[in-house]
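J.: any chance you can model this:
(chains A and B)
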Amino acid sequence: MHWEDVLNNLGFLMKGLGVTLQLAVLSIAGSLVLGTVLGVIRYVKIPPFSPLAAMYIEFVRSIPLILFIVFIHFGFLPFILGTSASFFVSACVALIIFTSAYVAEIVRGGLNSIEKGHIDAAVSLGLTGFQRLAYIILPLAFARMMPALVSQFIALIKDTSLASTIGLIELTRSGEIIYERTYHEFEVLAFIALIYFMICFSLSKLSKKIEIKI
Amino acid sequence: MYNIDIDVLLVAWPELIKGIKITFFISFISSIAAFLIGLVVVYSRTMGGDFSKTFFTAFVEFIRNTPLLIQLYIVYKALPEFGIHLHPIACGIIALSIYTGAYISEVLRSGVNSITGEQYQAARGLGLNRLQTFRLIIFPQAIRIVIPPLGSQFINLVKNSSLVSFIAVTDVFYVIYKGAVDDFRFFEFFITGALIYMLLTGFIALISNSFERHYHALGRCS
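T.: Numbers count the residues shown, from 1 in each chain, chains lettered A, B, ... in the order given. Here you go, the predicted structure:
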């Protein structure tokens, strides 16, 4: 066993972890916003937009993430921008597009789970449609959606490893760079797996705790 | 403006068909293996002793909380360090089966947990042993409830199978990616890839739906 490979390159790996976390946080924020908007559009049923949102969600959910990452980086972003985008931006855009479809379905499920009594009460208080949504239905729904959202975001954190395939030097890619030099794949990969595990596992435990409190 | 060129797809068609075959093969074998792994895990976690419960719980948590790409790399790149050399397709099948198996075990477990304790007591009263209780009483009731989430796990499996292209398997994603890069025709190949995966996942969704309707018609779906 050659664990010194990991120890000697710990700083490099931590730098990669930093990129992974940045990518994860930005993508989580982006997909939460976009997903909520899409979910609400599907929930309120505005004629031209709701079927479009539904189509977007079904399209994205039936395609592997890697297809988005690769084609957004090499195809779509260069076409739109006229110049190649950075690895980080491409990965972030792809992750947001991909995860927002799943978040939208979770949001829609959460909104649909709100009992009619709450909505009737809000109507009788004289709240407008937007107020009902923003102050009554969405906050109630978000509390119920927390477990599903957290597990979606855990999946997103794991999915950030796919950004390594286009060349972003995040945790997985920095590990690859190390073992391409040292040829001790197992040690580096096991260490990386452990880091992902610690992040994702602690998040899922945290979400269980929150769930019990709610 | 971008000109769509269909010819590049026609040229790549034989390769695409080969890729689809490999993706289908890997997905099919992995689906069966993953289901069996899920069954073993859920049986051990519900019926097994303390050791197997702890072991399989740790196994499921570890698999579910690490990226599939890392698991694929461990099977493909790290096992040779211990003298185990496998064919890339075998590596892909092993990693995909274990990864999806862990998820399927959780789906099955949610079904098993919804079966009330009286069922176990009744089975015991009939003199059934643990395997019989699980096989004849618990599992048939549990599987009906979890058909939709089970179907989405198989859909995930097909989508995840695209990652085997990073361990030197020429599956359909590899062909699409290579075609797009070689000919610099991204839109055509993206749309083709999207359609192929939509067809594959749609096929599984249809099967899952028909199963669901079949069991619903039997009136045993709670």
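J.: from here on, contacts and neighbour counts on C-alpha atoms
T.: OK.
J.: what residues does chain A put near chain B?
T.: A:59, A:62-67, A:70-71, A:74-76, A:154, A:158-159, A:161-162, A:165, A:172, A:184-186, A:189-190, A:192-194, A:196-197, A:200-201 (Cα under 8 Å from any Cα of the partner chain).
J.: got the contact list for B:Ile143?
T.: B:108, B:111 (Cα atoms under 8 Å, 6 or more residues apart in numbering or on different chains).
J.: please, which helix or strand holds it?
T.: Assigned by DSSP states H and E, B:Ile143 falls within helix B:139-145.
J.: still on that earlier bit, show me which of the residues of chain A next to chain B are buried.
T.: A:62-67, A:70-71, A:74-76, A:154, A:158-159, A:161-162, A:165, A:172, A:184-186, A:189, A:192-193, A:196-197, A:200-201 (16 or more other Cα atoms under 10 Å in any protein chain shown).
J.: among those residues, name the ones in helices.
T.: Using DSSP state H to define helices, the subset of these located there is A:65-67, A:70-71, A:154, A:158-159, A:172, A:185-186, A:189, A:192-193, A:196-197, A:200-201.
J.: so A:Ser31, which state does it fall into?
T.: Following DSSP: H, G, I helix; E, B strand; the rest coil, A:Ser31 is assigned to helix.
J.: how near is A:Ile97 to chain B?
T.: In this view, A:Ile97 and chain B are 14 Å apart by Cα to the nearest Cα, to the nearest Å.
J.: ah, wrong one, I meant A:Gly109
T.: A:Gly109 is 15 Å from chain B, where distance means Cα to the nearest Cα.
J.: so which bits of chain B are right by chain A?
T.: B:61-62, B:65-70, B:73-74, B:77-79, B:81, B:155, B:159-160, B:162-163, B:166, B:173, B:177, B:186-187, B:190, B:193-194, B:197-198, B:201-202.
J.: ok, then the element right after the lengthiest helix in chain B?
T.: If you go by DSSP H, chain B has its longest helix at helix B:7-47. Downstream of helix B:7-47, the next assigned helix or strand under DSSP H and E is helix B:50-64.
J.: can I get that following helix in CSV, CA atoms only?
T.: What follows is helix B:50-64 as a C-alpha-only set of coordinates in CSV (Å, rounded to 0.1, in the frame of the first residue of the first chain):
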residue,chain,number,x,y,z
ASP,B,50,-27.2,-8.5,13.8
PHE,B,51,-23.9,-8.9,11.9
SER,B,52,-25.5,-9.2,8.5
LYS,B,53,-27.8,-6.3,9.3
THR,B,54,-24.9,-4.0,10.2
PHE,B,55,-22.7,-5.2,7.4
PHE,B,56,-25.4,-4.7,4.7
THR,B,57,-26.5,-1.3,6.1
ALA,B,58,-22.9,-0.1,5.9
PHE,B,59,-22.6,-1.5,2.4
VAL,B,60,-25.7,0.2,1.2
GLU,B,61,-24.8,3.6,2.8
PHE,B,62,-21.3,3.4,1.4
ILE,B,63,-22.4,2.6,-2.2
ARG,B,64,-25.2,5.1,-2.2
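J.: now the helix or strand just after that helix - C-alpha only, CSV.
T.: Heading C-terminal from helix B:50-64, the first helix or strand you meet, by DSSP H and E, is helix B:68-73. What follows is helix B:68-73, C-alpha atoms only, in CSV (Å, rounded to 0.1, in the frame of the first residue of the first chain):
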residue,chain,number,x,y,z
LEU,B,68,-20.7,5.8,-9.6
LEU,B,69,-17.8,7.1,-11.6
ILE,B,70,-15.4,6.5,-8.7
GLN,B,71,-16.8,3.0,-8.2
LEU,B,72,-16.3,2.3,-11.9
TYR,B,73,-12.7,3.5,-11.7
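J.: so what's the residue count around residue 135?
T.: If you meant another chain, say so; for now it's chain A. A:Tyr135: 12 surrounding residues under other Cα atoms under 10 Å in any protein chain shown.
J.: my bad, the chain I had in mind was chain B
T.: So B:Arg135, with other Cα under 10 Å, has 13 neighbours.
J.: contacts only, for it.
T.: Contact analysis of B:Arg135 by Cα under 8 Å, 6+ apart lists nothing.
J.: would you map the strands across chain A?
T.: Applying DSSP state E to chain A gives no strands.
J.: can you map out the helices along it?
T.: Using DSSP H, helices in chain A cover A:4-8, A:10-44, A:49-61, A:65-71, A:77-81, A:87-112, A:116-124, A:129-131, A:138-159, A:171-182, A:185-213.
J.: so what touches the third one?
T.: Outside of helix A:49-61, the residues that reach it under the criterion Cα under 8 Å, 6+ apart are A:38, A:41-44, A:97-98, A:101-102, A:104-105, B:198.
J.: again, only this time at 10 Å
T.: Contact with helix A:49-61 is made by A:35, A:37-46, A:68, A:97-105, B:155-156, B:159, B:194-195, B:198, B:201, as judged by Cα atoms under 10 Å, 6 or more residues apart in numbering or on different chains.
J.: over to the fifth one?
T.: In this structure, residues lying in contact with helix A:77-81 by Cα under 10 Å, 6+ apart are A:71-73, A:83-86, A:89-90, A:93, B:2, B:186.
J.: quick one: that helix to chain centroid distance?
T.: 23 Å (Cα atoms, centre = their mean, to the nearest Å).
J.: residue nearest the centroid of chain B?
T.: Centroid-nearest residue in chain B: B:Leu157, 3.6 Å away (criterion: Cα atoms, centre = their mean).
J.: who are the contact partners of that one?
T.: Neighbour list for B:Leu157: A:64, B:26-28, B:30-31, B:34, B:96-97, B:99-101, B:151, B:201 [criterion: Cα under 10 Å, 6+ apart].
J.: any idea which element it lies in?
T.: Going by DSSP H and E, B:Leu157 is part of helix B:147-160.
J.: quick one: that helix to helix A:49-61, angle?
T.: 60 degrees (axes from the mean of the first three to the mean of the last three Cα atoms, to 10 degrees).
J.: which positions within helix B:147-160 qualify as buried?
T.: By 16+ other Cα under 10 Å, the buried positions in helix B:147-160 come out as B:147-148, B:150-160.
J.: cool, and stretch B:201-212?
T.: For stretch B:201-212, by 16+ other Cα under 10 Å, it's B:201, B:204-205, B:208, B:211-212.
J.: which residues touch it?
T.: Contacts of stretch B:201-212 (Cα under 10 Å, 6+ apart): A:61-63, B:144-152, B:154-159, B:195-199, B:213-214, B:216-217, B:221.
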